[in-house]
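Trainee: Got a sequence here, can you build the structure:
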Amino acid sequence: MTFEVPKTLYSGKIREVTLGKGDKAVTVGGETCYPFYLFEGEMSHLPKIAMEVWDCPPEDWAEAALEPFAGVTDDPVAWAKKCIDDYGAEMICLQLISTDPNGLDRGADEAAEVVKKVADAIDVPLIVWGTANHDKDTEVLRKVCEVCQDKKLIIGPLAEGNHKRIGAAAIGYQHTVISSTPIDINLAKQLNILLGNLGVPDNLIVMDPTVSSIGYGIEYCYSVMERDRMAGLTQQDDKLQFPLICNISKEAWKIKEVHIPTEEAPKLGDAKKRGILWEAMSAMVLLMAGGDVVIMRHPESIKLVREMVAELTAK
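Mentor: Coordinates of the predicted model:
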């Protein structure tokens with residue numbers, strides 16, 4: 001008797017969203033099955049990786065993370081170009097760390113000028129990520145939308161508290177928005193409804209479910225992302241059929257385990273390999289939960305994830 005693998009019937013489909021413009025634009029989404037369940041459906045577009053760049057020199061990065069970018073961390077333009085030219089980045093995520101009111105508190109005009117310089121210097125899609133301070137992000141990201149009106153940026157995070165003002169600017173200047181909610185499927189759906197009511201087109205929305213790294217709550221993040229995908233694919237919930245973006249780099253590289261020197265904790269193994277593996281494994285878990293875009297830091301971590309994705313999708 002021939003054994004037949006039981007298959008789930010999917011009545012929904014994840015929307016396709018094109019990020020950026022021109023020849024280097026990328027399209028994400030389009031799945032008709034659970035992540036990597038290629039025996040049941042299709043992943044029209046494989047997950048994408050965005051390499052992160054900070055708008056100011058990092059002060060608390062582990063040595064292993066700084067090493068690949070030696071000499072360019074004080075220049076966001078040079079940093080972004082190095083990611084593309086040396087490491088093959090298909091997307092860049094510019095983290096606006098300097099605008100944090102609890103840090104450098106850089107003004108909107110200055111921050112927008114930095115974004116404009118990076119956007120002008122690269123030809124791959126550019127994600128611009130704020131600090132999650134609602135008032136400051138509103139001020140900064142609205143200015144970024146205006147200054148970079150022809151760049152087709154991906155702007156976020158947008159939360160319920162600031163979605164109207166940032167969303168209106170994004171609509172006016174045709175940027176994609178990142179709908180961000182704190183690890184809750186109901187809040188995610190509600191914010192997507194609000195963005196739709198505001199007039200943001202479905203093809204200009206990607207979802208940030210909020211993520212964490214291995215050992216720091218990734219199980220809960222995974223379960224919420226999994227429920228997002230189940231609702232979108234099997235329950236025909238069109239408000240949860242958007243691609244998912246995961247800002248994992250900052251989460252993976254801020255934990256104490258990647259900062260402990262090898263000699264202080266020899267049982268944890270080599271510190272450099274530890275950080276690389278921590279980021280790669282965290283990113284891969286999120287891709288298996290349904291992530292369409294992951295923001296990563298270390299080139300070696302990215303290489304590992306690309307190899308794993310290729311292995312899982314090989315014919």
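Trainee: Show me what residue 158 bridges to in the sheet.
Mentor: residue 179 (DSSP bridges).
Trainee: Now do the contacts for it.
Mentor: Contacts of residue 158 were listed using C-beta atoms under 8 Å, 6 or more residues apart in numbering, and they are 166, 167, 170, 177, 178, 179, 180, 191, 195. (Glycine included, C-beta is placed from N, CA and C.)
Trainee: before we move on, what about residue 259?
Mentor: By C-beta under 8 Å, 6+ apart, the contact set of residue 259 is residue 62.
Trainee: that older thread, what subset of the contacts of residue 158 is buried?
Mentor: 166, 167, 170, 177, 178, 179, 180, 191, 195 (16 or more other C-beta atoms under 10 Å).
Trainee: Tell me the one of the contacts of residue 158 nearest residue 127?
Mentor: residue 178 (7.7 Å; C-beta to C-beta).
Trainee: Against residue 294, how distant is that closest one?
Mentor: Computed as C-beta to C-beta, to the nearest Å, the residue 178 to residue 294 distance reads 13 Å.
Trainee: Generate a markdown table for the contacts of residue 158, with pLDDT and distance to residue 311 as supplementary columns.
Mentor: Shown next, in a markdown table, are the contacts of residue 158 (pLDDT from 0 to 100; distance: C-beta to C-beta, whole Å):
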| residue | pLDDT | distance to residue 311 |
| --- | --- | --- |
| 166 | 98 | 39 |
| 167 | 97 | 39 |
| 170 | 97 | 37 |
| 177 | 98 | 33 |
| 178 | 98 | 29 |
| 179 | 98 | 31 |
| 180 | 98 | 31 |
| 191 | 98 | 35 |
| 195 | 98 | 36 |
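Trainee: Tell me how far the residue nearest to residue 170 when sequence neighbours are not counted lies from residue 112.
Mentor: Leaving aside its sequence neighbours, residue 170 sits nearest to residue 177 (C-beta to C-beta, 6 or more residues apart in numbering; 4.8 Å). Distance from residue 177 to residue 112, counting by C-beta to C-beta: 17 Å.
Trainee: Residue 132 and residue 210: what is the separation?
Mentor: 9 Å.
Trainee: overlap in contacts of those two?
Mentor: Going by C-beta under 8 Å, 6+ apart, residues that sit against residue 132 and also against residue 210 are residue 180.
Trainee: These two: who's more crowded?
Mentor: Shown here are residue 132 and residue 210; by other C-beta atoms under 10 Å, residue 210 has more neighbours (22 against 17).
Trainee: and that one, backbone torsions?
Mentor: Here is the backbone geometry of residue 210 (degrees, to the nearest 10): phi 70, psi 130.
Trainee: Helices of this protein, start to end?
Mentor: With helices called from DSSP state H, the chain shows them at 63-66, 76-87, 108-121, 134-147, 163-173, 185-198, 218-234, 249-253, 271-289, 299-313.
Trainee: which of these is buried the deepest?
Mentor: Most buried of those, by mean neighbour count (mean count of other C-beta atoms under 10 Å): helix 249-253, with a mean of 24.
Trainee: could you dump that helix to PDB, C-alpha only?
Mentor: In PDB, the C-alpha atoms belonging to helix 249-253 read as follows (Å, rounded to 0.1, in the frame of the first residue of the first chain):
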ATOM      1  CA  SER A 249      20.300  41.800  14.500                       C
ATOM      2  CA  LYS A 250      20.000  44.100  17.500                       C
ATOM      3  CA  GLU A 251      18.300  41.500  19.600                       C
ATOM      4  CA  ALA A 252      20.900  38.700  18.900                       C
ATOM      5  CA  TRP A 253      23.900  40.900  19.400                       C
END
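Trainee: Check which helices and strands that helix is in contact with.
Mentor: helix 271-289 (3 or more C-beta pairs under 8 Å, 6 or more residues apart in numbering; DSSP states H and E).
Trainee: now the helix it packs on, how far from the centre of its chain.
Mentor: Relative to the centre of its chain, helix 271-289 is centred 14 Å away, using C-alpha atoms, centre = their mean, to the nearest Å.
Trainee: Show me what it is packed against.
Mentor: Partner elements for helix 271-289 (3+ C-beta pairs under 8 Å, 6+ apart): helix 63-66, helix 218-234, helix 249-253, strand 293-296, helix 299-313.
Trainee: Against residue 130, how distant is the nearest residue to residue 133 once chain neighbours are set aside?
Mentor: Of all residues not flanking residue 133 in the chain, residue 101 sits nearest, at 5.7 Å (C-beta to C-beta, 6+ apart). From residue 101 across to residue 130, the span is 11 Å (C-beta to C-beta).
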